[in-house]
Structures are given as structure tokens and as C-alpha cells.
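# This is the structure alone, sequence omitted:
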């Protein structure tokens, strides 16, 4: 039987290689951080979480009609959808952040707004431009959905709204911005909002807890 003798220098070299091979390099760390919403991405693109696509993103022509009270309804329509990706660099490496903007208008409020979702930003932000230089926004969803200090999620397999059963519903509790929903005030007052989203349908109910206001979905037609 052959005997194999290893010199001290060779043993040290093998041990050093093993330690270095097992290290979690900075480049690995930054790559993980840049993709922490989608896991491994061979194309280096920060993709938007599937839940956002299922619950928030709809094509032009989609609309929702909400009952507010015996005298008022609100029709929300999708005017356009813009999808792109923007480059950014981390640790001398280039990544691409997927971004989607869905533009709507409201017949009740008489203004337009849009939802902004991106692969890097964990929040889906609803934005209303007050002028060319000022805007107001609310956070209505997360990417991916999970509880944090700003938004709280409650999952419902079945949720009834106005006698209609909806399935796979997220209830999102968030601090709403009073300016966003009230054209007559510029006071940035925080109000508690409940948003109920159903998969592949969108917003089925919204409640302003402080003012006891409710928007109840009564009709819709959506395109994915």
C-alpha cells in the first residue's frame, strides 16, 4: 500500500484555501442584498414580487366602481401602465431594478394618481401630484407582503363584501394621508386606513376608520 506524505507547507496551503473558499465575500453579500425580494436572479434583475403583480398591477381598460353612500359612487379607471427597468451599481456590479407604474383617475375625487412598484423598494406607493413640484403619497402594499412598523397584513381565505364572496384577500392596515383623499385641505393628518385586496381583482373595500368612511366594490372589469 502506498503511503502519502504531506509537507507542513502543503497542509497549510490546503487549510488556507478551504477557509477562503468558505468565506461569504462582500460581492456575495451585496448580490444577496440587491436580490433579497426575489432570491437568486441569473439576469441580475430585481424583479417585482408576484403578489404585487397579482393584487396591484392591472392593464388599461380595467375599472372598479365603488359605493360610498346613497348619493355617491366612485369609478376608478386604469389609464395607462408603464413598465421599465433602471440600472444601478453595487460593489462595481450593475443590476437592473424592475419598475411598474399604473396610472388611474377617479370620477369622485376628480384627480389622477398612480401606483409605483419596484424590485428594490419594499413598499407599493400610491402617489398624487398636487402640482408640478409637490406630491402626496400613501403606502398601500408591500413587496413582498409582510407585517412591519408601517403596514400590517391579515390574510383571509374568504371575505364577504356586500353579499359577494372574494377569495385570497389581504387586509392591509396603514396610516393614510388626509391630503391624498381631500382636495379641500392641505393639512397632512394621519388617518387609519384599511385596504382589502383580492387576488386578480384589486381593491374590493377601503375604510377610513377615523371618519367612518367606506368604499364598497359593486362592479368591476379587469385586465391582467
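Looks like it came in fine. Nothing here was measured: the structure is a model prediction, and the numbers come from that model. Numbering: from 1, shown residues only.

# Taking the centroid of the protein, which residue is nearest it?
residue 124 (3.4 Å; C-alpha atoms, centre = their mean).

# okay but that one is in contact with residue 117, surely?
Yes: using C-beta atoms under 8 Å, residue 124 is in contact with residue 117, at 4.7 Å. Every C-beta, even on glycine, is put in place using the N, C-alpha and C of the backbone.

# which residues are in contact with both of those two?
Common contacts of residue 124 and residue 117 (C-beta atoms under 8 Å, 6 or more residues apart in numbering): 52, 56, 141, 143.

# Check whether the third one really touches residue 121, as I assumed.
Read that as residue 141. No: the pair residue 141 and residue 121 does not pass the contact test of C-beta under 8 Å, sitting 11.1 Å apart.

# Do a quick rundown of the strands in this structure.
Applying DSSP state E to the chain gives strands spanning 45-46, 63-69, 72-90, 93-106, 112-118, 123-129, 135-142, 152-161, 164-177, 190-198, 202-208, 213-221.

# Switch the ones you listed over to JSON lines; also include mean pLDDT.
Compiled in JSON lines, the strands of the chain are given as follows (pLDDT from 0 to 100):
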{"stretch": "strand 45-46", "mean pLDDT": "73"}
{"stretch": "strand 63-69", "mean pLDDT": "94"}
{"stretch": "strand 72-90", "mean pLDDT": "92"}
{"stretch": "strand 93-106", "mean pLDDT": "92"}
{"stretch": "strand 112-118", "mean pLDDT": "93"}
{"stretch": "strand 123-129", "mean pLDDT": "90"}
{"stretch": "strand 135-142", "mean pLDDT": "87"}
{"stretch": "strand 152-161", "mean pLDDT": "95"}
{"stretch": "strand 164-177", "mean pLDDT": "91"}
{"stretch": "strand 190-198", "mean pLDDT": "90"}
{"stretch": "strand 202-208", "mean pLDDT": "94"}
{"stretch": "strand 213-221", "mean pLDDT": "94"}
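
# What is the neighbour count of residue 127?
15 (other C-beta atoms under 10 Å).

# List the residues that contact the nearest residue to it once chain neighbours are set aside.
In space, residue 127 comes closest to residue 137 once its chain neighbours are excluded; the distance is 4.5 Å by C-beta to C-beta, 6 or more residues apart in numbering. For residue 137, the residues meeting the contact criterion (C-beta under 8 Å, 6+ apart) are 125-128, 177, 180.

# mind checking how far residue 137 is from residue 115?
10 Å (C-beta to C-beta, to the nearest Å).

# cool, and residue 65?
18 Å.

# What of residue 127?
8 Å.

# now swap in residue 213 and tell me
21 Å.

# more crowded one of the two?
residue 115 (23 against 14).

# Dig out what that one forms beta bridges with.
residue 102, residue 126 (DSSP bridges).

# looking at it, it is touching residue 126, isn't it?
Yes: if you go by C-beta under 8 Å, residue 115 and residue 126 touch, sitting 5.3 Å apart.

# hey, what's in contact with both of these two?
residue 140.

# count of neighbours near the closest residue to residue 119 other than its chain neighbours?
Counting by C-beta to C-beta, 6+ apart, residue 119 lies nearest to residue 46, which is 2.9 Å off, once chain neighbours are set aside. The local packing of residue 46 (other C-beta under 10 Å) involves 23 other residues.

# Beta-bridge partners for residue 46, please?
With DSSP bridges as the rule, residue 46 is bridged to residue 97.

# Go ahead and confirm it touches residue 120.
Yes: contact criterion C-beta under 8 Å: residue 46 and residue 120 qualify, at 5.1 Å.
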